[in-house]
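>>> From the sequence below, what's the structure:
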Amino acid sequence: MIFCQILHLLYYFFMDSSLFSLFFFFYKQILDCLTDACCACTFPLLPSEETTNVGTKICLRDEVYARDVRPLVEGCTCYACCHHTRAYLHHLVVVHEILGQALLDVHNWHHSKEWFNVIRQQMVLGTYEEYAMKFRVSYQSGV
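Okay, here's the model as predicted:
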């Protein structure tokens, strides 16, 4: 799973700050691919018993979201989640409205920023290894 690989690489990139720009370029490509595929990151930032084997993203082209009035991620504070539903984003994606791509970009970058904040906090607390292990276990079979 790509997010587990990112988590593994991130530790080494933070240890050598000269490599961080390379990591950023790599991660930007991943987010661009997610947005181009009309996908939104949905994985919970703090893995727990309830998040075992959950998906890491949703594809808003899927018809199942046509009437889904929930935000992309419950509790997310990004503009897309606070002001729009999955159904509306699904509609924008299906009709190829550029606003759909823009809102997905906003969400994916915000979700990533929040994830990196959690990772940074885990490193400061000295619990990064434990967090990374729980993350891998929780999302090992995630899509």
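>>> make it CA atoms for all contacts and neighbour counts henceforth
Will do.
>>> where does the chain dip in pLDDT?
1-27, 49-54, 139-143 (pLDDT under 70).
>>> Run through the strands of it in chain order.
39-41, 57-59 (DSSP state E).
>>> counting contacts, what elements does the last one pack onto?
To tie it back to what came earlier, the one meant is strand 57-59. Contact partners of strand 57-59 among helices and strands, from 3 or more C-alpha pairs under 8 Å, 6 or more residues apart in numbering; DSSP states H and E: strand 39-41.
>>> Contacts made by the strand it packs on with the rest, please.
With C-alpha atoms under 8 Å, 6 or more residues apart in numbering as the test, strand 39-41 has contacts from 34, 56-60, 72, 104, 107-108, 111.
>>> Over to stretch 99-117?
By C-alpha under 8 Å, 6+ apart, the surrounding residues in contact with stretch 99-117 are 31-32, 35-36, 38-41, 45, 76, 78-81, 89-90, 92-93.
>>> go again using 7 Å as the cut-off
Here stretch 99-117 makes contact (C-alpha atoms under 7 Å, 6 or more residues apart in numbering) with 31, 35, 40-41, 45, 78, 80, 89, 92-93.
>>> And it, what's buried?
Neighbour-count burial for stretch 99-117, counted by 16 or more other C-alpha atoms under 10 Å, picks out 100-101, 103-111, 115.
>>> who's in contact with Q122?
Y128.
>>> Could you report the distance from it to F116?
10 Å (C-alpha to C-alpha, to the nearest Å).
>>> so can I have JSON lines of the strands of the chain showing distance to E130 and mean neighbour count?
Listed next are the strands of the chain as JSON lines, based on distance: least, C-alpha to C-alpha, whole Å; neighbours: other C-alpha atoms under 10 Å:
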{"stretch": "strand 39-41", "distance to E130": "22", "mean neighbour count": "23"}
{"stretch": "strand 57-59", "distance to E130": "23", "mean neighbour count": "18"}
